Structure formats: structure tokens, C-alpha cells
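Asks: any chance you can model this:
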Amino acid sequence: MNLDVQIAKIIEANGAALYDTEVVTEFDETIYRVLITKVGGITLDLCATISHELSPFLDVHPPMSERYRLEVSSPGIERKLSKPVHFQNAVGEKVKIKLGEGDKLKGLLKSADTKGIVVETKQGDESFSYGELNTCKTYFDWN
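Replies: Reported below is the predicted structural model:
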């Protein structure tokens, strides 16, 4: 059984979509974070509802062997992009990119497909395959 597929089904039954899952450690506590998205935004009530439905499922099918705390939340306005679908859904947004060699750049995500992305930077349009990318995230210009 693919855990992410089952988690996605529970989330979709509540009108949202699975964005990603991640395991993080904060203050000596392991957190299994389930990130969800929905057109129109995510509410605290929706996160609570999905958390209550996921919790018994994950009790039977734990995502890891160690103790963890389940957290259901939105990926936020500044979110990590790691899958082609993340990039495709972020077209038109500002992105910060760190390349495999360590070079960093900022720009506007102009397009994304299954092979790579095109970013409009100060130097013009630059194309990258997903294999060239290290870390990427959207960012909000607060100015």
C-alpha cells in the first residue's frame, strides 16, 4: 500500500489536495507534517478535520517506526517546490533557486513541464532541468 496515495484519498474526500509530506525534528520532537492545498485557501477547521480523519488511519499504518506528532497544515505563501506538479502550480510566482553547484538566483517562474522550468531573471529567460536544481521555493516580496 502506498501511504501517500491513501493519505491523498482522505484529504481529497474533504475537498483539499495533498501537497507533500515531510518529517522534521523540532525541540527533540519528531513531526510528521502533512501539507495540504485548496483553491480559496486552507482554514484551521479544515486542517483539524483532516487531522482527526488521518490520525486513526496512521495509528494502523504508521508513517515511521519512532514516536511522532501529526501536523496538518498549508505549505504557506513561501513554500518548497520539489515535484514537477509543484512547479507547474507555481507558474507566475516569484521563486528563489539554489542550483546544484551552489549558485543562487531569483526570478519569475515562467513555465514548467515534466522535464524542467524556465525562469525570467535579470539576465533574461533561463532554462533548467529538474536535475540541475538543488532547493527551490516560492517567495513573497514584502516591499
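Asks: tell me the buried residues in the top helix by length along the chain?
Replies: When the chain is parsed with DSSP state H, its longest helix is helix 44-60. Residues of helix 44-60 classed as buried: 46-47, 50-51, 54, 58 (neighbour count, 16 or more other Cβ atoms under 10 Å). (C-beta placed from N, C-alpha, C; glycine too.)
Asks: how about stretch 36-46?
Replies: For stretch 36-46, the neighbour count (16+ other Cβ under 10 Å) marks 36-37, 42, 46 as buried.
Asks: what mean pLDDT does it get?
Replies: Stretch 36-46 shows a mean pLDDT of 91 in the predicted model.
Asks: with only the CA atoms kept, save stretch 57-71 in PDB.
Replies: Listed in PDB are the C-alpha atoms of stretch 57-71, where the atom choice follows Å, rounded to 0.1, in the frame of the first residue of the first chain:
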ATOM      1  CA  PHE A  57      -5.500   5.700   9.800                       C
ATOM      2  CA  LEU A  58      -1.900   6.500  10.700                       C
ATOM      3  CA  ASP A  59      -2.400   4.600  14.000                       C
ATOM      4  CA  VAL A  60      -3.000   1.500  11.900                       C
ATOM      5  CA  HIS A  61      -0.400   2.400   9.200                       C
ATOM      6  CA  PRO A  62       2.300   4.400  10.900                       C
ATOM      7  CA  PRO A  63       4.500   6.500   8.600                       C
ATOM      8  CA  MET A  64       7.600   5.700  10.700                       C
ATOM      9  CA  SER A  65       8.700   3.400  13.500                       C
ATOM     10  CA  GLU A  66       9.600   6.100  16.000                       C
ATOM     11  CA  ARG A  67       7.100   8.300  18.000                       C
ATOM     12  CA  TYR A  68       5.900  11.300  16.100                       C
ATOM     13  CA  ARG A  69       3.300  14.100  16.300                       C
ATOM     14  CA  LEU A  70       0.900  14.500  13.300                       C
ATOM     15  CA  GLU A  71       0.600  18.100  12.000                       C
END
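Asks: still on that earlier bit, which members of the buried residues of stretch 36-46 are the farthest-apart pair?
Replies: Of all pairs drawn from the buried residues of stretch 36-46, the one with the largest separation by Cβ to Cβ is Thr37 and Leu46; the distance is 10.7 Å.
Asks: good, wrapping up.
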